[in-house]
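Engineer: Sequence first, then the predicted structure, then my questions.
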Amino acid sequence: MNDPRPAPQRMSAPDRQQQLLEAALGVFSRKGFKGATTREIAAAAGVTEAIIFQHFPSKEALYSAVLELHFDTGDGDSWREELQGCMERSDDEGLAVLFIRRILEAYVKDTALQRVILFAALEGHEQGLARMKEQYAATFEKLVAYIRRRQREGALIEGDPHTILIALGALAHQYGQITRIMNAPVLHVPDEDLARQFARILLGGIRKAPVPALAGRKGPRGANPSHRKAKS
């Protein structure tokens, strides 16, 4: 008796590669590079393991192709142009908002890739970490140079520019990880508004007004002068 089910449609090579890359991303994001197998990736794509090796010579080559596909989003140039505009205008808050919003959007648009990057860090997988550094190194150094200039101009506090830049992105990364990877509740705030709030906190702190330095200003019996009662 003939099988009534239609024969599976043959995919073009580019379509098959795209299918394999998306399946691989899902498996790598759940298990990391070391934990993933080409057999699992083939099962996720609904193909035999041999099909994978027709398109990619090794698991390493497949992993590299996944990173290339998802790092090359096509919108990086316009974002870098906006960033450059902020630098030329010395727009510290605008630059901070752009930088933070970019990080927030990365966790929303491509959570799986952020998981792959975290796995690369946990596993010490040099291929994944090297690709990430290559992607962001030039922009990172431009931002460091901008921070140095603004420090010389007296607009930003003294301190290591690399540390300041890491701090600038830390809130966004923390929020992205706990909400998109650890599944904590998401704030119902648009990314643009959230980025502005984070930027203002980082640039201005959370105190409404400067607090006077009280260290070393002890009165009689250790009392603080500001707490002594006024004489009548």
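Structural biologist: That came in fine, so what should we check first?
Engineer: going forward, measure contacts and count neighbours with C-alpha atoms only.
Structural biologist: Will do.
Engineer: helix or strand right after the longest helix that the chain contains?
Structural biologist: Longest helix of the chain, by residue count under DSSP state H: helix 126-152. The helix or strand immediately downstream of helix 126-152 is helix 161-176, counting by DSSP states H and E.
Engineer: Tell me which other helices or strands the longest helix of the chain touches.
Structural biologist: helix 59-71, helix 111-123, helix 161-176 (3 or more C-alpha pairs under 8 Å, 6 or more residues apart in numbering; DSSP states H and E).
Engineer: Of those helices, flag the one that's most buried.
Structural biologist: Across these, averaging neighbours per residue (mean count of other C-alpha atoms under 10 Å) puts helix 111-123 on top, at a mean of 19.
Engineer: ok, Ser171 - contacts?
Structural biologist: Actually, residue 171 is Leu. It isn't Ser. Counting by C-alpha atoms under 8 Å, 6 or more residues apart in numbering, Leu171 touches Phe198.
Engineer: just the one 5 residues further on next, same as before
Structural biologist: With contacts defined as C-alpha under 8 Å, 6+ apart, the neighbours of Gly176 are Ile103, Leu104, Tyr107, Val108.
Engineer: distance of the most centrally placed residue in the chain from Leu194?
Structural biologist: Closest to where the C-alpha atoms of the chain average out (C-alpha atoms, centre = their mean) is Ile103, at 4.4 Å. From Ile103 over to Leu194 the distance is 11 Å, taken as C-alpha to C-alpha, to the nearest Å.
Engineer: what's the answer for Met11, then?
Structural biologist: Met11 is 43 Å from Leu194, by C-alpha to C-alpha.
Engineer: same check, this time on Ser90
Structural biologist: 22 Å.
Engineer: between those two, which one's more packed in?
Structural biologist: A direct count of neighbours by other C-alpha atoms under 10 Å for Ser90 and Leu194 places Leu194 higher, at 18 against 15.
Engineer: Nearest spatial neighbour of the more buried one, chain-adjacent residues omitted?
Structural biologist: Leaving aside its sequence neighbours, Leu194 sits nearest to Arg101 (C-alpha to C-alpha, 6 or more residues apart in numbering; 7.9 Å).
Engineer: wait, doesn't that neighbour sit right on Pro190?
Structural biologist: No - between Arg101 and Pro190 there is no contact under C-alpha atoms under 8 Å: 10.0 Å.
Engineer: okay, these two: which has more neighbours?
Structural biologist: Arg101 (22 against 9).
Engineer: Show the contacting residues for the more buried one.
Structural biologist: Listed by C-alpha under 8 Å, 6+ apart, the contact set of Arg101 reads Ala172, Asp191, Glu192, Leu194, Ala195.
Engineer: For the helix or strand that contains it, buried residues please.
Structural biologist: Assigned by DSSP H and E, Arg101 falls within helix 92-109. Within helix 92-109, the residues scored as buried using 16 or more other C-alpha atoms under 10 Å are 92, 94-104, 107.
Engineer: Also stretch 18-34?
Structural biologist: For stretch 18-34, the neighbour count (16+ other C-alpha under 10 Å) marks Leu20, Leu21, Glu22, Ala23, Ala24, Leu25, Gly26, Val27, Phe28, Ser29, Gly32, Phe33 as buried.
Engineer: which intervals of this structure have sub-threshold pLDDT?
Structural biologist: The chain contains residues with pLDDT under 70 at 1-9, 72-75, 209-232.
Engineer: where does Ile157 fall, phi/psi-wise?
Structural biologist: Per-residue torsions, Ile157: phi -70, psi 160 (degrees, to the nearest 10).
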